[in-house]
Each structure stands twice: as structure tokens, then as C-alpha cells.
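S.K.: Predicted model and sequence below, questions to follow.
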Amino acid sequence: MRWALVKVCLAVTTMVVVAFAVPLGLVVKEMARDRAFQGAEREAAAVAPALSITTDRDQLERVVASAGADSGMAVHLPADGGRAALDLGRQRAAGRDIEAVRGLGRASTTTVPGGSTLLQPVALGSGAIAVVEVYVPESEVTNGVGTAWAVLAAVGLALIVGSVAVADRLGVRMVRPARRLVEGAHELGEGKLGARVPEDGPTELRLAAVAFNSMADQVVQLLANERELAADLSHRLRTPLTVLRLNAASLGAGPAAEQTRAAVAQLEREVDTIIRTAREAKPQTAAAGPGAGCDVAEVVRERMEFWSALAEDEGRKWRVAGVDRPVRVPVARTDLAAALDALLGNVFRHTAEGTAFAVDVHNGEDAVIVLVSDAGPGIADPEAAMARGRGSGHAGSTGLGLDIVRRLAESTGGDVRIGSSVLGGTEVRIWFQLGARKPVGRGQRGAVRRRRSGKSVSAFNRPRSLP
């Protein structure tokens, strides 16, 4: 591509130089010839006034000498009134040419050895026609032409060399980004997901590099979403696993019971392995579209109906508040159910049997808050618990459940905070922002928390202690 561009530029520039230089060279040659003959015409015109006054040989010789062209000028007087014809100076033109000019009465040029002559007719006082001959050497006709042609050739050559150099630089400027784009495509095809292309060069190649980098980022994001989906789906399996583990614990002694408990433990370990393998995926939660959403009160009642059976088996006291009327939030029903299951599953998984818990729903003007509280030992490091892939530090905790909840809340412009509950344990507050708000990114999360820190949950009715 580079050499093709150089060849094209060389051919085009050569044609342009030839198209302009050849006519310009001919014009220069013609201008030099015109300049030489214009000088000859001036010399002939200097003698014409004297010829109209006198035909005396001595006076005419002085006039020719004063014109400064005695060696290159000749005067031819015809015979008149018994006076013989008179020729002054060296005659170079043929006699027939002189007679032809005298007969026609107009100037003419003729070629002679070593150059050309200008034959200028001049009327004498007697009415006869004299002819003034001015010799123009070939050196005067071509004076400066060679230098002008050399300058034109040098300029043309410089233009050709300069155009080739510019074409070579342009070719390099185009070829390098194209080559980097090809190399980046090969690297991405070989599985090197970090391959990116510098976004420089001509506009078209720069746009291609931008599109390539965007495509590479999208590929990485799609792969990350696949890993994240695998982790989320695996985490959702922990809810039925919790039920199996609790049921297996109540089977008592015996080989079958031990095998069941061992199988459940093995299954939990496999799920934990899947979650930890996918924990590096970038979080992404799709917010519900316009007009979509669900009733928080309905979802809470439904999920508490499921978890209440397990709570009765373990002797846990529980309470639900704020679900007596519909409370809508702009999230999908399945996502909200998965978030509640993740929080309630953490209560059953990380607190002892008999630990009380509560779920409260508060409906404000611009937000809906869901509180999940327990009377357990609490979380020593809430920030670490919110970190994806770390968890609270307990065995089997990956932090993915809280990450699912956080992403769901941030998809509405809200957030999630962990604190101490009035029951003495952990309180997880989920803030769902109502209205059309842009999702809050990771870089904005701290600002959102600081902005809302002054508007605590005490603005609503906090859950009372369980009886």
C-alpha cells in the first residue's frame, strides 16, 4: 500500500511537471527570440530618420557608427536619379530577400549563417525604398534560455522528489495504523482480550481503531457478563441448598443421613467454587425499562411465606412490616426476589438457630427502603462485606449475594448500606430510588452515600424489637 501510493504520486507529479514545464520552456525560448529581434528593430529605427533626410555615404556611415551596430548593420540604398545603388556595411542577407522586402514594403526576417537578419524597409526623401539590415546572432536569440530551462528542470525535479517524500510519509502514516489494526485483530482472535489499537492516523483509520477498541471492550464485557451470570445463577442455587442442608440436619443418625449431608456439603463446595471462579467479572445489572417494575409488598409476602417455614423449624422469631399496601419499585420481580432470598439466606446461613429477624418496607416520596434486620452477631467490617468476592469472612461467604443486592439498588439510582439493627445484629438497608434516574456507577457510589448520610432511616418508622 505504501509503495503503491508512492508510485501513484510519482506518476501524477511527473505528468503535472511535464504538462507545465514543456510549454513554459517553449514560452521562455520564444520570449528570448522576441527580445533579440525587438533590439534589432530599435537599432533599425535609430537609422531611419537619417535616411529620410540624407543619402550621403559619409553621413550615413557616421549614423550607423553612432548606432553602435556597425559590425552587424547594413544599409542598402537603391539607384535613384542617376545615382548608383549604395550598400553600407556587411551584407548577410541574399539580394532576392532584400528586393522582396523593398517590393513588399514591410519588415521581414531571414535566416543566415550564424543567426538571423532583420530587414526593415525605410522610405527615402525621394520616395525610393531603402532597406536596413540588422544581424541577430544565434547567441542572442538563445540568450538565457538554457539557464531558464535548467531552473525549470531543477524545480520540476524538486517537485517530484518532494512529492515522493510526502507520499512516502503519508503512506507510512496510513500503513502503520492499518498494520496495528491488523495486528490487534490477530491478537484478539488469538484470545488476547487486552489487545487494543492506538486511535491515531487518518480520520478513517482512527474511526476504525475506535470501532475496533469498542468491539474489543464489548467482547470483554460480554465474557464478563457470562461469567457474572454463571456466578449469579450459582448463587441462587444456595437458597435450595440451604433448605437441603437444614433438612439433612434433621435426618438424625445413620449411613443414609450421613451420605445425604456429605452430598449436600459437596454440592455447596462446588457452588462456592463456581462463584469464586467467576468473582472477577464486572458487575452489571439491567434496570427495568420504562413502565416496568413490581410490588415490593407482594414480593416480600411471597418470599417470607417460603422462609417462614424454615424459621419455624429453627425456632426463629420473625416479623414483617409495611407490606399491607402496594409499594412499587422500578425493578424486575425476579431480581427483587433473588435479592431478598440472598439477604434472608445470609441470615439463616450466618446466624445461629433461634436468631430473630425482620423485614420492613418503608415507602417515601421519592424512594422505597427495604430493611432486613437480624439479632445475630453482626458484621465486623461492612465495607469488606460489600466487596465482591470477599464476603463477611464466614465460611462459604463470597459477598456475591450483597453484590447482587447492591447492583439491583444502583440500577434505580439507589444504594445499599450495612449497619447495626435495633435487634442487636446486622441491618441491611436497600434504597430504591423512584422516578427516572440514571444508575449510579462505582465512582459515584461514595458521593451518593455521603449525600444521603444526613437522611437516615430514622426519618421513617424503624422496626421495633421483636416480642
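M.R.: Sure thing, it's come through. Residues are numbered from 1 along each chain as shown.

S.K.: going forward, measure contacts and count neighbours with C-alpha atoms only.
M.R.: Will do.

S.K.: so where do the helices sit in the protein?
M.R.: Using DSSP state H, the helices of the chain run over 2-53, 57-66, 95-104, 138-141, 145-189, 203-236, 238-249, 255-277, 296-314, 333-350, 382-386, 400-410, 442-452.

S.K.: Against which helices or strands is the shortest one packed?
M.R.: So the one you mean is helix 138-141. Applying 3 or more CA pairs under 8 Å, 6 or more residues apart in numbering; DSSP states H and E, we find helix 138-141 packed against helix 2-53, strand 115-123.

S.K.: picking that back up, deepest of the helices of the chain, which one?
M.R.: Highest mean neighbour count among the helices of the chain (mean count of other CA atoms under 10 Å): helix 400-410, with a mean of 25.

S.K.: Quickly, which of the helices and strands packed on helix 138-141 bottoms out on average pLDDT?
M.R.: Across these, helix 2-53 has the smallest mean pLDDT, namely a mean of 78.

S.K.: returning to what we had before: do you know which of the helices of the chain lies nearest residue 132?
M.R.: Across those, residue 132 has its closest neighbour in helix 2-53 (6.2 Å, CA to CA).

S.K.: In JSON lines: the helices and strands packed on helix 138-141, plus distance to residue 295.
M.R.: Below are those laid out as JSON lines (distance: least, CA to CA, whole Å):
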{"stretch": "helix 2-53", "distance to residue 295": "65"}
{"stretch": "strand 115-123", "distance to residue 295": "112"}
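
S.K.: re earlier: tabulate the helices of the chain (TSV), appending distance to residue 326.
M.R.: Converted to TSV, the helices of the chain look like this (distance: least, CA to CA, whole Å):
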stretch	distance to residue 326
helix 2-53	70
helix 57-66	125
helix 95-104	121
helix 138-141	109
helix 145-189	50
helix 203-236	26
helix 238-249	26
helix 255-277	35
helix 296-314	6
helix 333-350	14
helix 382-386	29
helix 400-410	19
helix 442-452	25
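
S.K.: out of those, nearest to residue 424?
M.R.: Per CA to CA, nearest to residue 424 of the helices of the chain: helix 333-350, 13.3 Å.

S.K.: and the closest one, what's its mean pLDDT?
M.R.: Rounded mean pLDDT across helix 333-350 is 87.

S.K.: neighbouring contacts of it?
M.R.: 236, 238-239, 242, 293-296, 299-300, 303, 307, 357, 372, 374, 394, 401-402, 404-405, 408 (CA atoms under 8 Å, 6 or more residues apart in numbering).

S.K.: repeat for stretch 73-81
M.R.: 55, 64, 84-91, 128-135.

S.K.: quick one on the thing from earlier: which of the helices and strands packed on helix 138-141 sits closest to residue 381?
M.R.: Closest to residue 381 of the helices and strands packed on helix 138-141 is helix 2-53 (CA to CA; 61.2 Å).

S.K.: The closest one packs against which elements?
M.R.: Using 3+ CA pairs under 8 Å, 6+ apart, the elements in contact with helix 2-53 are helix 57-66, strand 115-123, strand 129-137, helix 138-141, helix 145-189.

S.K.: can you give me how far the fourth one is from the chain middle?
M.R.: Right, the one you point to is helix 138-141. 63 Å (CA atoms, centre = their mean, to the nearest Å).

S.K.: Average pLDDT for that helix, rounded please.
M.R.: 82.

S.K.: hmm, back to that, residue 324 is nearest to which of the helices of the chain?
M.R.: For the helices of the chain, the distance to residue 324 is smallest for helix 296-314, at 7.1 Å, taking CA to CA.

S.K.: The closest one - contacts with which helices or strands?
M.R.: strand 328-329, helix 333-350, strand 357-363.

S.K.: that older thread, least confident of the helices and strands packed on helix 2-53, on average?
M.R.: Sorting those by mean pLDDT places helix 57-66 lowest, at a mean of 74.

S.K.: Show me what stretch 35-44 is in contact with.
M.R.: Counting by CA under 8 Å, 6+ apart, residues outside stretch 35-44 touching it are 67, 69, 118, 120, 132-136, 140-141.
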